[in-house]
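turn this into a structure:
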Amino acid sequence: METRTDKITEIVLKAARKARRETSSAPQQEGRGRANWPLDCTVGPGLEGAIACETKIGFVNGTRGELTYCGYDIFDLCAYSTFEEVSYLLLYGRMPTAKQFASFKRKLVKSRSLPHTLRLLMGFPLEQMHPMACLRLGTNLMRQRLTWQDSDAARPDSVAAIAADEDSIPMETIPKGEQKAIYEFKKRKTERPAKVPEGTEDAAGLAACIRLISGLSTIAAAVARVRDHKLPIEPDPELGHAANYLYMMNGVRPTPEQERIMDIALILHADHGMNASTFASMVVASTLSDIYFSIGSGIAALSGPLHGGANEAVLVMLEKIGHPDNVDAWFDKAMRRKKKIMGMGHRVYKTYDPRARILGPLASYVARDNPDAALLLRIARKLEKRVVESLGKEKNIFPNVDYYSGIVYKAMGIHRNMFTPVFAVSRVAGWTARVHEYLKKNRIFRPRALYVGAFGKEYKPLDERGRGKTTSR
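Numbering: from 1, shown residues only. Modelled structure (predicted):
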C-alpha cells in the first residue's frame with residue numbers, strides 16, 4: 001500500500017532521474033584521487049582553490065551538479081536513508097549493520113536530554129540574542145557541563161610542547177610536503193584526570209561527536225521555544241531525530257510527511273566540502289583544541305551572512321516582490337542595478353545545485369495545502385525562469401540549496417530566524433566527521449600572507465609625531 005511518504009520518495013527519485021539525464025555528459029571535476037604532496041595548485045585570495053588535506057567524507061562535483069557522501073549519491077541517500085544513518089556514515093565512513101545502527105540510535109537518543117545545559121542557557125537573555133549566538137553559547141555550556149576540559153586537571157602541560165613557535169618557524173620556508181607534522185605536541189593523554197567532576201568526559205572522540213549531533217538539535221529547539229515566549233520541551237525518546245527536532249520546536253508530533261521532509265532537509269545539509277564553517281572547525285581542531293570549541297567555531301562562521309542566512313534572505317526577497325505579476329518588473333530593475341538575486345548561483349556548482357533539485361519539488365509538495373507557501377512558490381518559480389533564461393547559460397547561475405529551503409521550512413512552521421540554526425543542526429554531522437577524520441593525521445593549519453607593507457620606517461617619539469605629513473599603512 002502506497003503511503004504519502006512513498007510519494008515523497010518518488011519526488012526525490014524523479015529529481016534524481018532528471019538530474020542524471022541532464023548532466024551525464026558533463027565532464028568530471030578535478031579534486032579526486034590521492035595527493036602526491038607537495039601539490040601545485042592555483043590559489044586565489046581567501047585560499048580559493050587551495051588543497052589542504054585528503055578526505056573520504058564528501059565530494060562536490062560542481063560541473064555535473066553532484067554531491068557524494070562517502071561514495072553514496074545524495075539522491076539515493078535522500079530517497080532511502082535517514083539523518084541518523086547518514087550521520088553514522090559520515091562519522092564511520094561506512095553504512096551500519098542493523099546491530100550497529102540500533103546501538104548508534106540509542107546513543108543519539110540518550111544524548112538528547114540536556115536539562116542542566118538548558119537551565120544554564122536560559123539564564124541568558126535569549127530573546128535579545130541572535131539565534132546563532134544562542135546556539136554557539138549553548139555549545140560552550142554543553143562543554144562546561146559534559147566535559148572536564150574547564151577543570152585545572154585538564155590543562156595541557158606546557159613542557160609537552162616542543163617549542164612556542166613550532167607552528168610558525170618552519171612554515172615561513174617553502175613546504176616540503178611531509179606526510180605528518182614534524183612540529184607537534186606529544187600525544188595527549190585521554191585518560192580521566194584525577195579530581196574532575198563525576199559524569200564528565202573528554203571532549204574528544206566519537207562519543208563527543210554523537211553528543212554534539214544530538215545536543216545541537218535540543219539546544220536549537222529550546223532557543224526557538226524561548227524566543228517564542230514558551231518553555232522548552234523534553235525530547236521524546238520514541239521519535240526519530242528529525243521528528244523529535246520538529247516536536248521540540250513546535251510542541252506537536254509531526255505528521256509522517258513532515259518528518260520525512262525534515263529528514264531529507266537534514267540529509268541535504270549534512271556535509272558540503274571544505275566550506276567556511278567546516279574549515280573553521282578544522283582549523284581550531286588542528287591546534288588540538290577540543291571538539292566543542294571546534295564546533296563552536298563552525299557555528300560562528302555559519303552565522304556570517306556570506307555563509308548562512310541566505311534562505312531567510314530569499315523569503316524576504318520573495319515577500320518584497322509580493323506577487324508573480326511583479327516578478328518581471330522587479331527582475332529588470334534588479335538587473336539594471338546589478339543587484340544579487342538571493343538563492344541563485346554558487347561558488348562551486350556551475351549547473352543546478354542537486355540539493356535545490358530536491359527542495360524545489362518538495363516546496364511544491366508542501367505548498368499544496370498552504371496558501372502562503374503556494375504564493376511564495378509561484379513567485380519563486382517565475383523568478384527562477386527569468387534568472388535561468390537570462391543568466392543560466394551565460395554565467396552558470398541556477399538555484400542553489402537556499403532558494404527553496406525557506407519555503408519548505410516556513411510551511412512546516414519554522415520561524416525564519418531559525419532557518420540558519422536548522423542548517424547547523426544538520427551540518428554538525430559533517431563538522432564532527434571532518435574534524436575527527438583530520439585529527440588522525442593532524443597538521444596545524446598555517447597558511448602564509450604576502451607582506452605588501454613598507455620597510456625601514458624611522459621611529460619618532462610621540463611628541464614629535466604629527467608635525468609633518470602623516471601616512472597610513
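
can you measure across stretch 389-400, start residue to end residue?
Using CA to CA, to the nearest Å, the end-to-end distance of stretch 389-400 comes to 16 Å.

now do stretch 8-21: everything it contacts.
Residues outside stretch 8-21 that contact it (CB atoms under 8 Å, 6 or more residues apart in numbering): 65, 73, 75-76, 78-80, 257, 260-261, 264, 352, 354, 357-358, 360-362, 365. Where C-beta positions appear, they are placed from N, C-alpha and C, glycine not excepted.

and it, which residues are buried?
Within stretch 8-21, the residues scored as buried using 16 or more other CB atoms under 10 Å are 8, 9, 11, 12, 15, 16, 19.

any chance of these in TSV, with secondary structure too?
Formatted as TSV, those follow (DSSP: H, G, I helix; E, B strand; the rest coil):
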residue	secondary structure
8	helix
9	helix
11	helix
12	helix
15	helix
16	helix
19	helix
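
reformat those residues as TSV; add distance to residue 432 and pLDDT.
Converted to TSV, the buried residues of stretch 8-21 look like this (distance: CB to CB, whole Å; pLDDT from 0 to 100):
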residue	distance to residue 432	pLDDT
8	27	96
9	28	96
11	29	96
12	25	97
15	28	95
16	27	96
19	28	92
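
now the helices for the stretch 1-150 of the chain?
4-23, 74-80, 83-92, 98-110, 115-121, 131-146 (DSSP state H, counting those that start in this stretch).

to residue 327, which of those helices lies closest?
With CB to CB, the closest approach to residue 327 among the helices of the stretch 1-150 of the chain belongs to helix 4-23: 23.7 Å.

just the CA trace of that closest one, in CSV.
C-alpha atoms of helix 4-23 as CSV (Å, rounded to 0.1, in the frame of the first residue of the first chain):
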residue,chain,number,x,y,z
ARG,A,4,2.2,9.7,1.4
THR,A,5,5.8,9.3,2.4
ASP,A,6,6.2,7.0,-0.6
LYS,A,7,5.1,9.9,-2.8
ILE,A,8,7.9,12.0,-1.2
THR,A,9,10.4,9.2,-2.1
GLU,A,10,9.2,9.3,-5.7
ILE,A,11,9.7,13.0,-5.8
VAL,A,12,13.3,12.5,-4.9
LEU,A,13,13.8,9.7,-7.4
LYS,A,14,12.2,11.7,-10.1
ALA,A,15,14.5,14.6,-9.4
ALA,A,16,17.4,12.1,-9.5
ARG,A,17,16.4,10.8,-12.9
LYS,A,18,16.1,14.3,-14.3
ALA,A,19,19.5,15.4,-12.9
ARG,A,20,21.3,12.4,-14.3
ARG,A,21,19.7,12.8,-17.7
GLU,A,22,20.7,16.5,-17.9
THR,A,23,24.3,16.2,-16.5
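
now it: how far from the chain's centre is it?
Helix 4-23 sits 24 Å away from the centroid of its parent chain (CA atoms, centre = their mean, to the nearest Å).

following the lowest-mean-pLDDT helix or strand in the chain, which helix or strand comes up?
Lowest mean confidence among the helices and strands of the chain (mean pLDDT, DSSP states H and E): helix 393-395, at a mean of 82. Toward the C-terminal end, the helix or strand that comes next after helix 393-395 (DSSP states H and E) is helix 401-411.

what residues are up against residue 302?
If you count contacts by CB under 8 Å, 6+ apart, then residue 302 has 132, 276, 277, 308, 420, 423, 424, 427 around it.

dump those to TSV, plus secondary structure, pLDDT and distance to residue 231.
Conversion of the contacts of residue 302 to TSV gives the following (DSSP: H, G, I helix; E, B strand; the rest coil; pLDDT from 0 to 100; distance: CB to CB, whole Å):
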residue	secondary structure	pLDDT	distance to residue 231
132	helix	96	22
276	helix	94	34
277	helix	96	30
308	coil	87	27
420	helix	95	23
423	helix	96	25
424	helix	97	22
427	helix	97	27
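
quick check: residue 93 vs residue 206, distance?
According to CB to CB, to the nearest Å, residue 93 and residue 206 sit 12 Å apart.

surely residue 143 and residue 149 touch.
Yes - the criterion here is CB atoms under 8 Å, and residue 143 meets it with residue 149 at 6.1 Å.

picking up where we left off before, please indicate which of the contacts of residue 302 are buried?
For the contacts of residue 302, a burial check counting by 16+ other CB under 10 Å picks out 132, 277, 308, 420, 423, 424, 427.
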